[in-house]
Structure formats: structure tokens, C-alpha cells
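S.K.: mind folding the following:
(one chain, ligands or ions: 1)
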Amino acid sequence: MSTKLSRRDFLKMLAVLGVGIKLAPRSNTIAQDEKIIVVGAGASGLIAAYWLMDAGYDVTVLEARDRIGGRTWSDYSLAPYPIEFGAEFIHGDEAITWDVLEEVGEESLDNASGDTRIYYDASLQSPIELAFTLGMLQDPEELFGNAVFEWLNENDGDISVSGLLDLMAADDPSRFTPEFRKFIINLITNQFAGSADEIGIAGLARAYETETDGDGDFRVENGYSSIWDAVADGLDIRLNTPIAAIDWSGDSNVVTATDGTTFEADRVVITLPLGVLKSGNVAFTPQLPSEKQIAISSLGAGAVDKIILKFDEAFWEEQVAFFVTTQNSRFWWRPGFERGENEVPILTAFFSGEAAAFFETLSEDDAIQAALNDLKIMFGRDDLGDYLVEAHFIAWGTDPYSLMGYSYVPVGGLGQREILAEPIDDVLFFAGEATHTEKSSTVHGAIETGIRVAEEIMNL
Ligand SMILES: Cc1cc2nc3c(=O)[nH]c(=O)nc-3n(C[C@H](O)[C@H](O)[C@H](O)COP(=O)(O)OP(=O)(O)OC[C@H]3O[C@@H](n4cnc5c(N)ncnc54)[C@H](O)[C@@H]3O)c2cc1C
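M.R.: Down below sits the predicted model:
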């Protein structure tokens with residue numbers, strides 16, 4: 001057992017001592033003579049709004065959906081505990097999300113645990129068995145990671161994930177078989193969204209090198225949505241207000257909703273997902289500068305989707321919580337594993353890139369059947385349909401207010417996140433996971449960009 005005092009333990013200790021860590025500088029709130037509009041009530045928008053309101057600004061948040069939270073969305077109907085339809089874990093015991101949890105009085109569950117089984121070579125195997133199957137006593141992902149750094153050390157420039165896998169297969173075809181390739185693609189592209197032909201290994205290496213948020217993956221006890229409900233308390237949030245246009249040409253900036261309602265502001269914080277920015281569904285007058293447009297078009301907005309299947313009885317081994325598969329559904333887990341006896345037999349499939357693109361071509365019913373078929377193959381059971389009681393397909397890639405799961409850096413795209421994050425003329429400010437140079441694709445990254453943007457405005 002580790003004796004290291006985790007950030008969580010540290011925060012608990014501080015709470016016992018009555019020392020609160022404040023998310024926002026509450027001490028010297030002075031009314032500011034400025035109106036700020038924040039577009040989007042996801043993690044980044046809510047945190048930016050919270051900070052700015054706390055600093056005395058007149059803040060209004062405009063949100064397209066009938067709920068807050070954006071790509072975090074907890075369902076409370078499937079089980080007596082939340083099932084996450086969007087983001088599920090706090091990645092790392094040092095992520096800033098712990099400060100937010102502390103601030104709003106929420107808790108997390110213990111580190112997500114449980115064994116893993118990998119469907120490979122027509123059977124479910126443990127990671128060790130897989131290493132034997134592959135004839136390499138090394139974690140396949142680690143092996144690929146080593147190949148990434150080796151390639152970057154020996155070559156200038158960038159290459160795609162599939163390009164590197166081609167080279168590995170050419171070098172040692174008996175080891176790096178087509179099924180090994182599929183396995184790595186499923187694993188890597190799930191973390192970084194996008195397709196294996198597009199994701200650049202330079203961006204991948206940067207993400208590997210800058211993982212600085214500690215260890216472990218934790219679920220929020222009452223669901224991610226519970227955090228945002230608390231953060232939103234006291235904020236002026238207009239739901240059901242999709243924005244169609246932002247005019248920043250004059251002295252006053254005008255944000256127009258699709259129903260024609262206008263909102264004036266001194267400054268506008270834009271937290272629109274990269275997928276929405278790419279779609280052109282929000283018009284800018286004047287147009288955004290060309291370098292910003294290049295950043296928007298050249299960064300990748302990868303689809304990341306979930307299929308959630310509720311059964312009336314469990315058919316998996318008691319201690320196994322995660323299933324990685326070479327089937328399209330890619331990665332499955334038990335969202336209630338840490339709930340002990342309260343666990344309801346539910347499995348979540350999590351997939352991105354080409355797999356998400358495949359599922360998104362299907363109707364919801366067909367997508368659910370396709371995922372169920374993958375489980376039948378993995379478990380060697382034809383009768384699983386008999387146990388299915390409820391199913392959901394959450395397609396973030398086609399959701400009009402997301403149009404993506406999370407962002408990635410395509411081949412040659414390093415440096416574009418920095419440009420996406422830059423404010424324009426002290427009027428337009430950009431936050432959201434895609435603007436984080438190191439912690440994109442995460443809730444804690446989005447939170448940090450919300451704080452960054454609030455500080456940019458407060459420091460003007
Ligand atoms: C399936 C899935 C699983 C994930 N799992 C994890 C995980 O386990 N851990 C983790 O840390 N991260 C995870 N992530 C990533 C995480 O969810 C995101 O990085 C984060 O939530 C993004 O926050 P954001 O504020 O940048 O964007 P969003 O949450 O998308 O917020 C943007 C807001 O803008 C709104 N909007 C869009 N268009 C308009 C418009 N025209 N007008 C007004 N409002 C508009 C949207 O409705 C949304 O509320 C996951 C993502 C997905 C999709």
C-alpha cells in the first residue's frame with residue numbers, strides 16, 4: 001500500500017484543519033464597470049463566469065442547450081447513482097478538478113479499480129496473457145510509445161499513428177500483426193480521438209511528456225453534473241439560447257441568438273467546442289483573423305461516443321471492470337464498479353475516431369445492436385440480447401452543440417492550440433479544452449482554460 005499523501009488526502013486534511021482552498025479570489029471583490037458575455041456553459045465557461053462574477057464583473061452566460069455542463073452530463077435515471085453520458089473520470093489525483101470539488105463540497109469515489117480483460121485472437125485475455133500471445137513481454141502500448149520517441153529522435157517532422165504502425169509492421173511483420181495494429185489503434189485513438197491516419201505522433205509525444213496531473217482515475221460520487229449545479233448557483237445563465245452571430249466590429253459587441261435576441265457586451269468569452277467553431281454555425285463580424293481561422297481548421301475535432309447498455313443480470317467475472325477489444329466498440333467498462341453492492345449491471349462502451357464514425361452512420365437501434373454483437377463475440381454468448389433492458393447511444397460527434405468528442409493535434413499541427421487560445425483585440429477571449437496546450441481533451445484542462453481566460457480579462 002502506498003504511503004504517499006495524495007492531493008485528495010491533503011485536501012481532506014486541510015478541510016479538517018478548517019483551511020479552505022478557494023477556487024476564486026473572493027477576498028477583494030470590487031464591482032467592475034464591464035459587461036462580459038460567456039458563450040457556453042460547459043466546464044470552461046462556467047468556471048470563467050464564476051471567477052469573473054466573483055471579481056465583480058457583470059457576467060451573463062449564454063447556453064444553447066436546456067442544461068449546463070456541456071460535454072459532462074450525468075444521467076440519474078438508469079441506476080441509484082449517476083451514469084456519465086459524457087466525461088466520466090477525473091484523470092489524476094492532482095487535477096485542478098479536486099479544488100473545484102472541494103470548493104463545492106462534492107466528493108469522489110476511490111480510484112477506479114478492477115481487472116482488465118482484452119479481447120484479442122478470439123478470446124478474452126488478461127494483459128499478461130496478451131503479452132504472451134503477442135510474444136513480447138512488454139505492454140503493447142508502452143512498446144508503441146517507445147517506437148514514437150525512437151522515431152522522433154531519429155527523424156525531423158511528424159508522421160501519423162498509422163504511418164508509424166506501417167513502419168513497425170514492415171520491420172517485424174510476425175510481431176506487429178494486423179491484429180496488433182488494430183489493438184493499438186483502438187487504444188491510442190480512443191485517448192486522442194481522431195483517426196489513426198490523422199493523429200500526429202509529435203502531438204502524441206507532447207501529451208505523453210506533459211502528463212502532470214498525478215495518478216489514478218476517479219469518478220465524482222454524485223456525478224459531474226452535481227459540480228456544475230453548485231458552480232452555477234448565483235450565475236446569470238440563459239439556457240436554450242443558441243448563439244448564431246458575434247459582431248465585434250463596433251464600440252459595443254453584439255452577440256445574437258438564433259431567435260434574434262441580442263446581448264451587448266464589452267468583452268466576449270467564447271468557449272464553443274472546436275467542432276462548432278469549425279462548422280461555421282456561429283458567424284463572426286468581422287471574420288476572425290486568418291491565423292485564428294487556420295488554427296480552427298487545422299486542429300482536429302475527433303468524435304468520441306458512448307453506448308450504455310443496462311442488463312438484468314451480470315455476465316462478467318466479478319473482479320473485471322474493464323474490457324479492451326479489437327472490435328469496433330473498443331473499450332468497455334462497468335460504471336458502477338466502485339459502488340459495491342449497489343451496482344446495477346450496466347456496461348459503457350467508449351469509442352472514438354474511425355469507430356465513432358462507423359457507429360454514427362447507423363441508426364441508434366442499429367448502433368446499439370452492433371455494440372451488443374461485439375459483446376456477444378467477446379463473451380462467446382449469443383443470448384446477451386435476452387438480458388438487455390435499456391440502451392443509449394450518446395453520439396457527441398453529431399450532437400449539434402458539440403460536433404466532436406475532444407480535440408487532437410493532427411500531423412504538423414503542433415503550435416495551433418496556442419494560436420486558438422490567443423485573445424483578439426482585448427475583446428474576444430477563447431477558452432475550452434481545445435485551447436489547452438497540454439491538458440486538452442479533459443475536464444481539468446477545460447477548467448484551467450476558464451481560469452486562464454478570466455485572468456486575461458482581470459489583468460487587462
Ligand atoms: C464521451 C466523452 C468522454 C469523456 N471522458 C472524459 C473523462 O473521463 N475525463 C475528462 O477529464 N474528460 C473527458 N472528456 C472530455 C471533457 O468532457 C471535455 O474536455 C470538457 O468537458 C470540455 O469542456 P469545454 O468547456 O471545453 O466544452 P463543452 O463542455 O462542450 O462546453 C461548451 C458549451 O458550449 C455550448 N454551445 C455549443 N454551441 C453553442 C451555441 N451556438 N450557442 C451557445 N452555446 C453553445 C455547448 O452546449 C456546451 O455547453 C470526455 C468527452 C467525451 C465526449
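
S.K.: sec struct for residue 111, please.
M.R.: coil (DSSP: H, G, I helix; E, B strand; the rest coil).

S.K.: just the pLDDT for the residue in the chain sticking out farthest from the centre.
M.R.: When distances are taken from the C-alpha mean of the chain, residue 251 lies farthest, 36.3 Å away, according to Cα atoms, centre = their mean. Predicted confidence (pLDDT) for residue 251: 80.

S.K.: any idea how far it is from residue 427?
M.R.: 10 Å (Cβ to Cβ, to the nearest Å). C-beta coordinates here come from the backbone N, C-alpha and C atoms, glycine included.

S.K.: do residue 385 as well
M.R.: From residue 385 over to residue 427 (counting by Cβ to Cβ), the distance is 55 Å.

S.K.: show me where the stretch 151-300 of the chain has its helices.
M.R.: 161-171, 178-192, 201-209, 224-232, 274-279, 290-298 (DSSP state H, counting those that start in this stretch).

S.K.: nearest to residue 79, of those helices?
M.R.: helix 224-232 (14.2 Å; Cβ to Cβ).

S.K.: that closest one close to the ligand?
M.R.: No - contact of helix 224-232 with the ligand (Cβ under 6 Å from any ligand atom) is absent, the minimum separation being 8.1 Å.

S.K.: which strands and helices sit next to that helix?
M.R.: Contact analysis of helix 224-232 by 3 or more Cβ pairs under 8 Å, 6 or more residues apart in numbering; DSSP states H and E lists helix 43-54, strand 74-75, helix 97-104 as its packing neighbours.

S.K.: what's the shortest one packed up against?
M.R.: Packed against strand 74-75, as judged by 3+ Cβ pairs under 8 Å, 6+ apart, are the following elements: strand 83-84, helix 224-232.

S.K.: make a markdown table out of those and add mean pLDDT.
M.R.: Shown next, in a markdown table, are those (pLDDT from 0 to 100):
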| stretch | mean pLDDT |
| --- | --- |
| strand 83-84 | 98 |
| helix 224-232 | 96 |
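
S.K.: can I get those in TSV including mean neighbour count?
M.R.: Output for those, formatted as TSV (neighbours: other Cβ atoms under 10 Å):
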stretch	mean neighbour count
strand 83-84	22
helix 224-232	22
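
S.K.: CSV for those, including distance to residue 450?
M.R.: Converted to CSV, the helices and strands packed on strand 74-75 look like this (distance: least, Cβ to Cβ, whole Å):
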stretch, distance to residue 450
strand 83-84, 20
helix 224-232, 10
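
S.K.: which stretch among those comes nearest residue 163?
M.R.: So among these, strand 83-84 is nearest, using Cβ to Cβ, at 33.7 Å.

S.K.: can you list the strands that that closest one pairs with?
M.R.: Under the criterion DSSP bridges, strand 83-84 sits next to strand 74-75 (antiparallel) in its sheet.

S.K.: do the partner strand and the ligand meet at all?
M.R.: No - using Cβ under 6 Å from any ligand atom, strand 74-75 never reaches the ligand; the gap is at least 11.7 Å.
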